[in-house]
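Undergrad: Quick one, structure for this:
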Amino acid sequence: MSRNRTIIIGAVIIVIGIVITFPFWSPYFINQTVDEDFPFSEMTEEQREEFASMPEEQQLTLIEMSEDNMEMASDTAIAMMEDDTVMAEDMPEDMPEEPVVLSTGTFNEFDPVHAGEGTATIYELPDGSRVLRLEDFRVTNGPQLHVILAANNPGSILESLDEGYVDLGPLKGNVGNQNYEIPDDVDLETLTNVIIYCVPFSVNFSVAATS
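TA: Down below sits the predicted model:
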């Protein structure tokens with residue numbers, strides 16, 4: 001009788017051990033089926049091929065974006081595939097005096113997708129008007145990029161703009177020299193940051209803090 005009891009107790013202990021340790025060894029015996037869609041399934045075959053030819057760091061950044069916002073990542077990827085729009089505007093001519101530099105700054109890079117380079121300089125013209133000039137400029141293509149004057153210098157692509165920012169209009173080109181008129185009532189003592197801003201997704205592509 002005692003032997004049977006020992007066997008029963010032993011069997012109970014084995015069963016309890018199996019139940020307790022089940023989460024640790026079960027993955028070796030249970031198939032886990034995964035069937036995820038390609039992150040940018042709405043792309044054409046040609047666009048997928050172009051995506052595959054992007055630098056790896058850009059691909060990884062876009063895939064990471066797609067985990068939070070698929071539409072934003074997809075639209076950004078497609079915009080990046082578009083040809084560069086190159087501008088070559090000169091400074092206004094036939095001025096009696098040289099423009100005065102009020103402030104200048106250099107565009108930054110947030111990540112391999114949201115990146116700019118070149119300078120943003122604010123000039124005062126002889127007639128008292130002000131103009132923002134981008135020179136040696138390049139930024140990654142994105143959906144509906146605008147040029148913004150803002151008080152805050154965003155530390156990330158998703159940091160919100162402070163109230164009172166001024167939209168100077170759509171970015172004329174993602175490459176090249178270009179001018180933007182600044183309204184007379186804009187306070188340049190406060191709005192010291194030039195931001196290339198994606199309007200539909202409220203994303204900062206690049207910032208130049210002028211001083």
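
Undergrad: what kind of secondary structure is the residue lying closest to F40 once chain neighbours are set aside in?
TA: Take F40 and drop its neighbours on the chain: the residue closest to it by Cβ to Cβ, 6 or more residues apart in numbering is S74, 5.2 Å away. All C-beta spots, glycine's among them, are computed from the backbone N, C-alpha and C. The three-state label given to S74 by DSSP: H, G, I helix; E, B strand; the rest coil is helix.

Undergrad: thought S74 was touching E42?
TA: Yes - assessed by Cβ atoms under 8 Å, S74 is found in contact with E42 at 6.2 Å.

Undergrad: Comparing those two, which shows the higher neighbour count?
TA: S74 (21 against 12; other Cβ atoms under 10 Å).

Undergrad: Please report how far the more buried one lies from T104.
TA: Note on S74: its distance to T104, by Cβ to Cβ, to the nearest Å, is 36 Å.

Undergrad: Same question for N152.
TA: Taking Cβ to Cβ as the measure, N152 falls 19 Å from T104.

Undergrad: next one: L168
TA: Per Cβ to Cβ, L168 is found 16 Å from T104.

Undergrad: Likewise for I20?
TA: For I20, the distance to T104 (Cβ to Cβ) stands at 67 Å.

Undergrad: L134 bridge partners, please.
TA: L134 has the following beta-bridge partners by DSSP bridges: A120, Q178.

Undergrad: give me every residue that touches it.
TA: Neighbour list for L134: 118-120, 147, 177-180, 194 [criterion: Cβ atoms under 8 Å, 6 or more residues apart in numbering].

Undergrad: which SS state does T104 fall under?
TA: strand.

Undergrad: Next up, the contacts around the residue lying closest to it once chain neighbours are set aside.
TA: Once flanking residues are discounted, T104 sits nearest to T121: 4.2 Å by Cβ to Cβ, 6+ apart. By Cβ under 8 Å, 6+ apart, the contact set of T121 is 101, 103-104, 132-133, 135, 210.
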